[in-house]
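**Q** predicted coordinates and the sequence they were generated for:
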Amino acid sequence: MKTDFNNCESLYWVFTQLCNDECGHCYNLSGPKGERISEEECLQIIGNLPEHIGRIILSGGEPLAERKKLYHILDRLQERYAGTGTQLMLQTNGDLLNEERLDTLIEKGVTRFDIASIDRYHKKKGEHLERLGRLFESRGVNGDDKDPLVDKEHYLHQHPLSWGYWGATEDMWLGGNWARGRALEKGIWKRDPEHNFCTILSGARNFLGGYDDIPQEVSIQLWKINPCCPGTKFPIGDARTEKVADVLARVAESPVFQRLNEGDPWRMGEHLGVSMEAAKKRTRELENVCLYCDAFFERHLQELNPDTFVALPLARK
């Protein structure tokens, strides 16, 4: 595990849950009534990000549903990380992308575009992929790296501008972190207690660093700092008021988060007397490792020191 948390390889920030679509599988309940934070809060968060970041992925919701805020965020990020080599990436469903907006995004420093809607859950279901391909080609955006940039060797793209695409699959996204939001409400998440989403990028593994196969990635959901994209039951910090590096240094002292950094949620309670066998038994009962993680934090919060987490009402009962 690394000790310099002011140097982060990848940061994934959902700065809005507003979206033009309302997918039945959405883990953070994005949609026309999706939760938002103010532009002032976004700028506070930028001021609390690590000093050096390899890439910053802006996502939603749909980032282009809040274009004014997105453009201000990009301007501030360019100002803060000028000359550092930080790559700015945008994850979008592509529905609202056109020539004018693409030109503006490129002008404001976005060098990687990921179309995360090529599946049966989104409104257009990938029908616009050909249109988007022509649009990117017209602006010289390279499409050779079409897959998500998840391995350590290629997490930073080599082209001045590039784009790729992907979507939710039964085996991966619905097997792990989608036991959340609408997928959980509608019962369409895949019940697979053996699936360990925690061990991959977007899961918690390597959020504190130390591994060479995937980048160190930290997730911020609106303002909530988390070790993974789905998020722990209680966020580990508030990016509006705390330095992200300080939050990581704090939780790095905890055996729970050390195990999550290893991608091994079934061992995070060993120091509390919760054996791996007991953890896996509970996971089989709940049918999902993320739901086990939720149950673990809810049950053992007081033993873990509630001051580690943001002061949510439930966390202080």
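**A** Done, it's in. Numbers count the residues shown, from 1 in each chain.

**Q** and the helices in the stretch 1-150 of the chain, which stretches?
**A** Under the criterion DSSP state H, counting those that start in this stretch, helices of the stretch 1-150 of the chain are mapped to 39-47, 67-80, 99-107, 129-138.

**Q** between the second one and helix 39-47, how big is the angle?
**A** Think helix 67-80. Using axes from the mean of the first three to the mean of the last three C-alpha atoms, to 10 degrees, the inter-axis angle of helix 67-80 relative to helix 39-47 is 30 degrees.

**Q** give me the buried stretch members for the helix or strand of the chain with the lowest mean pLDDT, please.
**A** Across the helices and strands of the chain, mean pLDDT, DSSP states H and E gives its lowest value to helix 181-186, namely a mean of 89. By neighbour count with 16 or more other C-beta atoms under 10 Å, helix 181-186 contains the buried residues 181, 182, 183, 184. The way it works is simple: take the backbone N, C-alpha and C, and place the C-beta from them, glycine included.

**Q** out of these, who's nearest residue 42?
**A** residue 181 (21.9 Å; C-beta to C-beta).

**Q** pretty sure the closest one contacts residue 28?
**A** Yes: Residue 181 is in contact with residue 28 according to C-beta atoms under 8 Å; the separation is 5.6 Å.

**Q** nearest residue to residue 184 other than its sequence neighbours?
**A** Spatially, and ignoring its direct neighbours in sequence, residue 184 is nearest to residue 178 (7.7 Å; C-beta to C-beta, 6 or more residues apart in numbering).

**Q** so that neighbour sits in a helix?
**A** No: counting by DSSP: H, G, I helix; E, B strand; the rest coil, residue 178 falls outside a helix, being coil.

**Q** now the strands for the stretch 51-200 of the chain?
**A** All strands of the stretch 51-200 of the chain, identified by DSSP state E, counting those that start in this stretch, fall at 52-59, 87-92, 110-115, 162-165.

**Q** what's around residue 103, how many residues?
**A** 11 (other C-beta atoms under 10 Å).

**Q** circling back to that earlier point, let me know which of the strands of the stretch 51-200 of the chain is the nearest to residue 272.
**A** For the strands of the stretch 51-200 of the chain, proximity to residue 272 was assessed by C-beta to C-beta; strand 52-59 is nearest, at 33.5 Å.

**Q** now the closest one: mean pLDDT?
**A** On average, the pLDDT along strand 52-59 is 98.

**Q** ok, residues contacting it?
**A** Residues from elsewhere that reach strand 52-59 (C-beta atoms under 8 Å, 6 or more residues apart in numbering): 6-15, 49, 70, 73-74, 77, 81, 84-92, 112, 114, 116, 155-156, 215.

**Q** how does it look with 6 Å?
**A** For strand 52-59, the external contacting residues (C-beta atoms under 6 Å, 6 or more residues apart in numbering) are 7-14, 86-91, 156.

**Q** still on that earlier bit, now render the strands of the stretch 51-200 of the chain as TSV, adding mean neighbour count and distance to residue 224.
**A** Putting the strands of the stretch 51-200 of the chain into TSV (neighbours: other C-beta atoms under 10 Å; distance: least, C-beta to C-beta, whole Å) gives the following:
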stretch	mean neighbour count	distance to residue 224
strand 52-59	21	14
strand 87-92	22	18
strand 110-115	23	22
strand 162-165	22	27
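
**Q** give the bridge partners for the nearest residue to residue 231 once chain neighbours are set aside, please.
**A** Leaving out its chain neighbours, the residue that sits closest to residue 231 by C-beta to C-beta, 6+ apart is residue 221, at 5.5 Å. Per DSSP bridges, the residues bridged to residue 221 are residue 14, residue 224.

**Q** distance check, residue 221 against residue 61.
**A** Distance, residue 221 to residue 61, using C-beta to C-beta, to the nearest Å: 10 Å.

**Q** likewise for residue 283?
**A** 30 Å.

**Q** and what of residue 297?
**A** Counting by C-beta to C-beta, the gap from residue 297 to residue 61 is 25 Å.

**Q** who's more crowded, these two?
**A** Each of residue 297 and residue 61 has its neighbours counted (other C-beta under 10 Å); residue 61 has more, 27 against 18.

**Q** hmm, back to that, quick check: which helices or strands does the least confident helix or strand of the chain pack against?
**A** Applying 3 or more C-beta pairs under 6 Å, 6 or more residues apart in numbering; DSSP states H and E, one finds that helix 181-186 contacts no other helix or strand.

**Q** wait, residue 223 touches residue 237, no?
**A** No: using C-beta atoms under 6 Å as the test, residue 223 is too far from residue 237 to be in contact (9.0 Å).

**Q** ends of stretch 28-43, what's the gap?
**A** From its first residue to its last, stretch 28-43 covers 22 Å (C-alpha to C-alpha, to the nearest Å).

**Q** nearest residue to residue 310 other than its sequence neighbours?
**A** residue 235 (4.7 Å).

**Q** can you check the pLDDT for the one you found?
**A** Note on residue 235: pLDDT of 94.
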